[in-house]
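A.B. asks: next one to model:
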Amino acid sequence: MTAPWPFSMWGMDVIGPINPKASNEHMFILVAIDYFTKWTEAITLASVTAKAVACFLRRDVIAQYGVPATIITDNAKNLNNKVINELCDQFKIQHRNSTPYHPQMNGAVEAANKNIKKIIEKMTDSCRNRT
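C.D. replies: Model (predicted):
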């Protein structure tokens, strides 16, 4: 996927559940990546609800980078629901899904997820080795 300008097309996905949990008991990471710049925004969540995803989109994507033209997600229920559809309608955002048989199509997000997982693994391993 190529985006025509910065912050016009974002991919979103969820990592988790992660083990061990974060210190705040969160066990999921919601990740959004801009396809043009490869800029990544991520937050931890205790549970991935439609309300939490909509709040993340408003606060961490739209408020900071402007309204994107397109958001691409997988077919997960927490990323495809009435709340997200209403948000996309409100801001005139086109919401696309990667195909269920080929989630790698949302490749930029999958690559970011892999890097985030590696970073977390290194951080938790180094903390375990100190104790």
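A.B. asks: could you pull out the helices for this protein?
C.D. replies: Counting by DSSP state H, the segments of the chain that form helices are 50-56, 63-65, 82-91, 107-130.
A.B. asks: looking at these, which is closest to M12?
C.D. replies: helix 107-130 (6.6 Å; C-beta to C-beta). Placement of C-beta: from N, CA and C, glycine included.
A.B. asks: what about the closest one, average pLDDT?
C.D. replies: Rounded to a whole number, the mean pLDDT of helix 107-130 is 68.
A.B. asks: find the nearest non-adjacent residue to A69, please.
C.D. replies: S8 (4.6 Å; C-beta to C-beta, 6 or more residues apart in numbering).
A.B. asks: same question for I18.
C.D. replies: M27 (5.4 Å).
A.B. asks: what's the neighbour count on the one you found?
C.D. replies: A count of neighbours around M27, defined by other C-beta atoms under 10 Å, yields 18.
A.B. asks: isn't it right next to I15, touching?
C.D. replies: No. Contact criterion C-beta atoms under 8 Å: M27 and I15 do not qualify, at 9.7 Å.
A.B. asks: how many neighbouring residues does the residue nearest to L79 when sequence neighbours are not counted have?
C.D. replies: Using C-beta to C-beta, 6+ apart and skipping residues adjacent in sequence, the residue nearest L79 is T73, 4.0 Å away. Using other C-beta under 10 Å, T73 has 22 other residues around it.
A.B. asks: contacts only, for T73.
C.D. replies: Counting by C-beta atoms under 8 Å, 6 or more residues apart in numbering, T73 makes contact with G11, M12, D13, L79, N80, H95, R96, N97, S98, N106.
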